[in-house]
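Peer 1: Take a look and give me a structure for this.
(2 chains)
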Amino acid sequence: MISRVLQKPARILYALIFLPVVGILVFATLRPIQVLPRITLAPGFSLLDQNSARLTNEDLRGHIVLYNFTYSDCAAPCPQTSEVMRALKNRLGEIDAGAIPVSLVTISFDPDRDSPERLRAYANYAGADGKTWRVATGDATRLKYALGGGFNLYYAPNADGTFTFDSLFVLVDGWGIIRAYYKTASPSVDRLARDIGLIAQEARNSTGAAKYAYEAAHLFLCYPP
Amino acid sequence: MIHVHVYEKWWIGLTVAMLIAFSLAIGVSGFMMGIQLPSPEALVNPNTVAKQGDFANPGLKELAPKKYVAYIRAEANPWKFRPEKIEVPVGSTVTFYVTAVDVQHGFKLEGTNINVQILPGQVSKMTATFNQKGEFPFVCTEFCGVGHQNMFGKLIVK
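Peer 2: Coordinates of the predicted model:
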């Protein structure tokens, strides 16, 4: 019997060692807190939106931002990603983000043709209101570094004026950290809404002692399935 | 306190010290040095991976100047990597996404620390930066069948 073999100080010592180990195992297995991974820093950019207003990454600090990437001439069979953005915009009211604003940003990688007028026409067609959902573009060379280098988006112009590109949605939190990539033209709106909710929940709850619980969730990779 | 022989005490102490040392080594390498085990980057359907998606037209894609992604498909019958030749300018950072369509293969890129198992249905992801000109051969390191020795290619840094 352990109790007969070990004296009291030894029992306390063993408890001090094993209780945290068991606690960590239980936490890492049951995942009582779920977080989205902090993937990398989002790139900096300075763009002009459909109302010719300046839009920079710093303007979006403190916002949870979902980015998608396309160009206004994108017609079938070019994948249409604006429908997902529109569906999500209509559901923003249901997402409990607290006081944290949620923004949608569509970036065009065709600045040579996408003037503010064309962007405005695209925004009207897509349903971008210019406040929660903005459509923007900028200098071609800098866009290549921001979108390709920063967001890992592949796009290349073709001879006929169309673009070859990979469909991509990127979710960025209020600190400017990329939290999720969705490498598809039609991610589930439920999942997008859930992920936005998770970021908002983490920002709201990680104060005081709970902050360490959230850091532990990052440490033990407590990611949602 | 029960009697424990002094040698046994030493051995018990030694094993406990080793346990603590190895646990610390795992903690330091994982959390401070950022060393991670290769984990599946993504799951794909091996039956359709050659027909649709990123691996249907494998090859090099330029994301930005000197930043590339390379999609590589390993296949048996005929045994080969697709593509077998990749060219990048010096100073490039290349992220490799590799998958297999049939059986287990390997992917080892000479001159880098890239050496990974390639399993059907799973995507392996590795990144390397090439600051020197030259040719870097890549080979299959898992015996995958009778054409195993034909599975090689090269990355040329210009």
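Peer 1: Which positions in chain B make contact with chain A?
Peer 2: On the criterion CB under 8 Å from any CB of the partner chain, chain A has as its neighbours in chain B the residues B:1, B:2, B:31, B:54, B:61, B:62, B:63, B:64, B:65, B:67, B:69. The C-beta positions use only the backbone N, C-alpha and C, and glycine is treated the same way.
Peer 1: Among the residues you listed, which has the minimum pLDDT value?
Peer 2: By pLDDT, residue B:1 ranks lowest within these, coming in at 70.
Peer 1: That one is in what secondary structure piece?
Peer 2: Residue B:1 belongs to no helix or strand when assigned by DSSP states H and E.
Peer 1: How many neighbouring residues does the residue nearest to it when sequence neighbours are not counted have?
Peer 2: In space, and not counting its chain neighbours, residue B:1 is closest to residue A:7: 6.7 Å by CB to CB, 6 or more residues apart in numbering or on different chains. Residues lying near residue A:7 (other CB atoms under 10 Å in any protein chain shown) number 10.
Peer 1: Next: residue A:201.
Peer 2: 18.
Peer 1: ok, now the one 4 residues further on?
Peer 2: Around residue A:205 there are 14 other residues, counting by other CB under 10 Å.
Peer 1: Can you tell me the element residue A:106 falls in?
Peer 2: Per DSSP H and E: strand A:102-108 holds residue A:106.
Peer 1: how about that strand, does it reach chain B?
Peer 2: No: counting by CB under 8 Å from any CB, chain B has no neighbours in strand A:102-108; the shortest distance is 14.4 Å.
Peer 1: quick check, distance from that strand to the centre of its chain.
Peer 2: Strand A:102-108 sits 11 Å away from the centroid of its parent chain (CA atoms, centre = their mean, to the nearest Å).
Peer 1: Can you tell me which helices and strands it packs against?
Peer 2: Strand A:102-108 is packed against strand A:64-70, helix A:82-91, helix A:116-126, strand A:133-137, with contacts defined by 3 or more CB pairs under 8 Å, 6 or more residues apart in numbering or on different chains; DSSP states H and E.
Peer 1: which residues are contacting it?
Peer 2: A:45, A:47, A:55, A:60, A:63-72, A:82, A:85, A:88-89, A:92, A:95, A:114, A:119, A:122, A:126, A:128, A:132-137, A:143, A:147, A:196, A:200 (CB atoms under 8 Å, 6 or more residues apart in numbering or on different chains).
Peer 1: what angle do that strand and strand A:64-70 make?
Peer 2: With axes from the mean of the first three to the mean of the last three CA atoms, to 10 degrees applied, the angle from strand A:102-108 to strand A:64-70 works out at 20 degrees.
Peer 1: Let me see the contact set for residue 101.
Peer 2: Just so you know, I chose chain A. Applying CB under 8 Å, 6+ apart, we find residue A:101 in contact with A:62, A:63, A:64, A:132.
Peer 1: looking at chain B here, not the other one
Peer 2: Neighbours of residue B:101 in contact, by CB under 8 Å, 6+ apart: B:46, B:49, B:50, B:73, B:74, B:75, B:120.
Peer 1: Which positions are bridged to the fifth one in the beta structure?
Peer 2: Judged by DSSP bridges, the bridge partners of residue B:74 are residue B:81, residue B:100.
Peer 1: Thank you kindly, that will do.
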